[in-house]
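Engineer: predicted coordinates and the sequence they were generated for:
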Amino acid sequence: QEVLKRLYEYSDSFREKRTRQDNQWEIDQLKKAQEIVSSNPDQIQLTNQKEYEYVFDESQLVDYSESAELPGEDSATHEKPTHSDIQAVRKSLPAFKQRQSFLDVVKSNQVVIVVGETGSGKTTQLPQYLYEEGYHKRAGKQKILKIGCTQPRRVAATSVARRVAEEVGCSLGDEVGYSIRFEDQSSQVTAIKYLTDGMLLREFMTDPMLTSYSCLMIDEAHERTVSTEIVLSLLKDVIKERQDLRLIIASATINASKFSDYFNLAPIFKIPGRRFPVTIAYTKNPEANYIQAAITTVLQIHMKQELPGDILVFLTGQDEIETMEETLNEASRKLGNLIKPLIVAPIYANLPPKLQARIFEPTPYNSRKVVLATNIAETSITIDGIKFVIDTGYVKENVFNPATGMESLVVVPCSRASADQRAGRAGRVGPGKCYRLFTKWSFYNELPENGTPEILRANLSSVILLLLSIGVSDLINFDFMDPPSHQTLIRCLELLYSLGALNVKGQITETGQKMAKFPMDPMFCKAILTSVEYNVKDDILSIISMLSESSSLFYRPKDKKELADKMRERFFHEAGDHLTLLNIWHQWRDNGYSNLWCEDHFLQYRTLKKIREVRNQLEKLCQKVIPVFPVVGECTPDICSVQKALMSGFFPNIAKLSKLGNSYTLLKKNQPVYLHPSSRLFSVKPPPKYVLYHELVLTSKEYMRNCMVINETWIDELAGHYYQKQIQN
Ligand code: CDP
Ligand code: MG
């Protein structure tokens, strides 16, 4: 409660100061910025000049300890690096000097905490050292015991695996592989496996003693994701049984003692950092629109600062990154040869791997690379050549409100620790600069010192179901590093109970066991299980695959906006967004999953392709988990069956039209919510009385994204147990 209150307070005060209205407002501002750029390309320096107060903050970030030249890291080379180049770079990393002492400490200790500056080689090198030492052969010649390395983020797992495969000199999926949700690039011969912490957690379901591993490195532990923390608690038990298993916990920051304490005072192994001084600049006044400010700052740096020197911008999510990418490309096209070439490279969780690789490509001579990133570039990905960092000071987080049981995506100020990590990214190749798009006052007064561990703010129902399914039933006494509040635990148990995953005694049911097999939110899992009963499994799998993919599906080219909107309307279904998505899926399928068809209809082919892969994976899982199931619904299912199956999982997300007819309130709690402007139902008149939403997004208001009309009678029929009070009223 306290944490939530704080989060909301922070985001409120920020919103007021920086008048961050809502998405639409931002988009309008961006349009204005674009217009300015396109109408007066040569005046841009004058009209958009940003004033900075340069503040030298010597206490932070400055570390002259080791400012040696970094061989192999001076960009200029265009050719593909040779094997010996790669080995030279490996040897130049700070971790290399510690190679032997690292191996020694791992040999004599079962658990080791490793701390080191970002970019020192923890993620890419340490698993390789263990591999070179032969840890994967400890079980004899026949069997390979993997060296696993977890990452909180999918992009980090895939990009690091790709890099290490290159260093080892193998194809991805052979000696070096990765495993992320719905995508496994590993094989019998894989010895070094990068995987998300969530995937390792799921491996406990099939192999509770993790017998296929000889070593595990839990990386980025400072991020304190829910999966990482649960994995650590479970490992604490595993290592007692498996004396041969080696556990390495790696973290970028210095709060290592917490991990050491948790693991019975495990030794802390330090890899000395290497960082050049970074100068910090704050804005004089609060920024009304941080995206616009970031765009101006990029252009300003590009025109005024020497080359080489790449820029890294921290934004909160894909939407912002895409808008900014478009604006910058447009601006540099308009400015033509008035400026030197500007290469814009985005990086966020859903970016296809091929495009991810662009951020690592060396910047050509006489040009500048601008990397637009989410907080993924804070510690988990190191990009060489960055000299300037632009920090918007925000981060997008999932926040669970145990009072209402609702989860929401919120943009909140990042922590001071994060801001310092971000600034540090500018000082890897030489002295750097960090432009903070907020005031110094706000840094010290409005940014929290540290972030809140995810376990204290996230919806834990999925992870609780998983724990119950592997036999951990005493959650109250479970050895959490930071235990979540009882209220949160109780809320989650209630939700699982109402979904039929638990019985009245709080024990997992057969349904619950099946639900746990799907790597998704229990609400999704329940909808899938019910869909089989209603004989609409295929449609529900399609809708769920579409909903679970967060990359954008539609695109609107500047010159063809109207046409794009018209095309989009063709898919509209009166019952709302879920069935609109289903229409899209059906038509794409009927057109042979064609790329051309996507182009004609302004849909992102690569997003649909990913959706198709997810759908295939889900289909396979279904065959395993629910091979035979009695059908209780009508034999020839209709749209209502599809809607009801969805509702069987998502019934907690129902909102009722308010008396005035201008907003909605959550049916369970009297809290106002609004239809998101992107929803099909936004423009429907009169507005439907009841809607079921897929997710809440908090900007200036609490918006419901992806909404479906529902029939009042279904509430009693399908969710009577959940809404007893509301129905009586
Ligand atoms: O984990 P840590 O932050 O300590 O460093 P790392 O991720 O192992 O990175 C070590 C070096 O590998 C850096 O110089 C990176 O630029 C490089 N690297 C790369 O070139 N491509 C990747 N996909 C990952 C790392
Ligand atoms: Mg790392």
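Structural biologist: That came in fine, so what should we check first? Ligands and ions are numbered 1, 2, ... in the order given.
Engineer: could you use CA atoms for every contact and neighbour count after this?
Structural biologist: OK.
Engineer: so which bits of the chain are right by ligand 1?
Structural biologist: 118-125, 159-160, 163, 381-384 (Cα under 6 Å from any ligand atom).
Engineer: from the stretch 551-700 of the chain, which residue is nearest to ligand 2?
Structural biologist: Nearest to ligand 2, among the residues of the stretch 551-700 of the chain, is Ser551, at 24.8 Å (Cα to the ion).
Engineer: tell me the secondary structure at that residue.
Structural biologist: At Ser551 the chain is in coil, as set by DSSP: H, G, I helix; E, B strand; the rest coil.
Engineer: now it: closest residue in space, sequence neighbours ignored.
Structural biologist: Nearest residue to Ser551, sequence neighbours excluded (Cα to Cα, 6 or more residues apart in numbering): Asn350, at 5.8 Å.
Engineer: which of the helices or strands spans that neighbour?
Structural biologist: Asn350 belongs to no helix or strand when assigned by DSSP states H and E.
Engineer: is it in contact with Ser550, as I believe?
Structural biologist: Yes - using Cα atoms under 8 Å, Asn350 makes contact with Ser550 at a distance of 7.2 Å.
Engineer: what's the spacing between Leu596 and Glu175?
Structural biologist: 37 Å (Cα to Cα, to the nearest Å).
Engineer: neighbour count winner among the two?
Structural biologist: Between Leu596 and Glu175, counted using other Cα atoms under 10 Å, the more crowded position is Glu175 (21 against 12).
Engineer: phi first, then psi, for the more buried one.
Structural biologist: Glu175 adopts backbone torsions of phi -60, psi -30, taken as degrees, to the nearest 10.
Engineer: now for it: which residues touch it?
Structural biologist: Counting by Cα atoms under 8 Å, 6 or more residues apart in numbering, Glu175 touches Ala165, Val189, Thr190, Ala191, Ile192.
Engineer: for those, pick the one with the most neighbours.
Structural biologist: Counting by other Cα under 10 Å, top hit in those: Ile192 with 29 neighbours.
Engineer: which residues does that residue bridge with?
Structural biologist: In this entry, Ile192 is beta-bridged to Ile147, Val176, by DSSP bridges.
Engineer: returning to what we had before: and Asn350 and Ser550? which has more neighbours close in?
Structural biologist: Neighbours were counted for Asn350 and for Ser550 using other Cα under 10 Å; Asn350 has more, 17 against 13.
Engineer: just the pLDDT at that one, thanks.
Structural biologist: pLDDT recorded at Asn350 is 76.
Engineer: cool, and Val631?
Structural biologist: 60.
Engineer: quick one on the thing from earlier: wait, what's in contact with the residue nearest to Ser551?
Structural biologist: Asn350 touches Val155, Ser550, Ser551, counting by Cα under 8 Å, 6+ apart.
Engineer: where's the first one relative to Ile376, distance?
Structural biologist: Right, the one you point to is Val155. Val155 sits 8 Å away from Ile376, taking Cα to Cα as the criterion.
Engineer: report the set of residues contacting both of these two.
Structural biologist: Tyr348, Ala349.
Engineer: pick out whichever of these two has more residues nearby.
Structural biologist: Neighbours per residue (other Cα under 10 Å) separate Val155 from Ile376, with Val155 holding more: 23 against 19.
Engineer: which helix or strand contains that one?
Structural biologist: Val155 belongs to helix 154-168, assigned by DSSP H and E.
Engineer: how far off centre is that helix?
Structural biologist: Chain-centre distance of helix 154-168: 17 Å, with Cα atoms, centre = their mean, to the nearest Å.
Engineer: just stretch 666-678 next, same as before
Structural biologist: 25 Å.
Engineer: how many neighbours does Asn375 have?
Structural biologist: Applying other Cα under 10 Å, I find that Asn375 has 25 neighbouring residues.
Engineer: contacting residues around it?
Structural biologist: Phe314, Leu315, Thr316, Val395.
Engineer: now Gln243
Structural biologist: Gln110.
Engineer: quick one on the thing from earlier: show me the contacts of Asn375 that map onto strands.
Structural biologist: Per DSSP state E, strands hold the following members of those: Phe314, Val395.
Engineer: next, the buried residues of whatever helix or strand Lys644 lives in.
Structural biologist: Lys644 belongs to helix 639-650 when assigned by DSSP H and E. Residues Ser641, Val642, Gln643, Lys644, Ala645, Leu646, Met647, Ser648, Gly649, Phe650 are the ones in helix 639-650 that count as buried (16 or more other Cα atoms under 10 Å).
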